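J.: Compute the structure for the input listed below.
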Amino acid sequence: MGRLDWRLGPDVAHIDYVQVDPALRGQGLGRRLVDAAVTYARETGRRVVPICGYAGHVLDADPRYADVLDRGTGRRDSPRE
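T.: From the prediction side, this is the model:
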């Protein structure tokens, strides 16, 4: 299993934490969690601020996320997937 913790504001979604069970890592679950959060942010008109280092890595690495990426305030630099 995996999980994504976030905080939703009226205009922004802060992705605080992405974690995937070690037995399931390497299967793209973390990326799918981030993608689902981005889809929701787009549908609700929010920008995405990656606080989690893994989420930041995923968002930085794919230009398809550029329209919602917002560096906002701070980010940890340790990927978790």
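
J.: where along the chain do the strands fall?
T.: All strands of the chain, identified by DSSP state E, fall at 2-8, 12-20, 47-50.

J.: Switch those strands over to CSV; also include distance to G26 and mean neighbour count.
T.: Bear in mind the C-beta positions are built from the backbone N, C-alpha and C, glycine included. Listed next are the strands of the chain as CSV, based on distance: least, CB to CB, whole Å; neighbours: other CB atoms under 10 Å:
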stretch, distance to G26, mean neighbour count
strand 2-8, 12, 15
strand 12-20, 9, 20
strand 47-50, 21, 24
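
J.: Does M1 touch P22 like I think?
T.: No. Counting by CB atoms under 8 Å, M1 does not reach P22; the two are 11.0 Å apart.

J.: Now tabulate the strands of the chain in CSV and tack on distance to L69 and mean pLDDT.
T.: Shown next, in CSV, are these (distance: least, CB to CB, whole Å; pLDDT from 0 to 100):
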stretch, distance to L69, mean pLDDT
strand 2-8, 14, 95
strand 12-20, 11, 96
strand 47-50, 6, 96
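
J.: Identify whichever of those strands lies nearest to G30.
T.: Nearest to G30 among the strands of the chain is strand 12-20 (4.8 Å), distances taken as CB to CB.

J.: What helices and strands are in contact with that closest one?
T.: When contacts are defined as 3 or more CB pairs under 8 Å, 6 or more residues apart in numbering; DSSP states H and E, strand 12-20 packs onto strand 2-8, helix 29-43, strand 47-50, helix 53-61.
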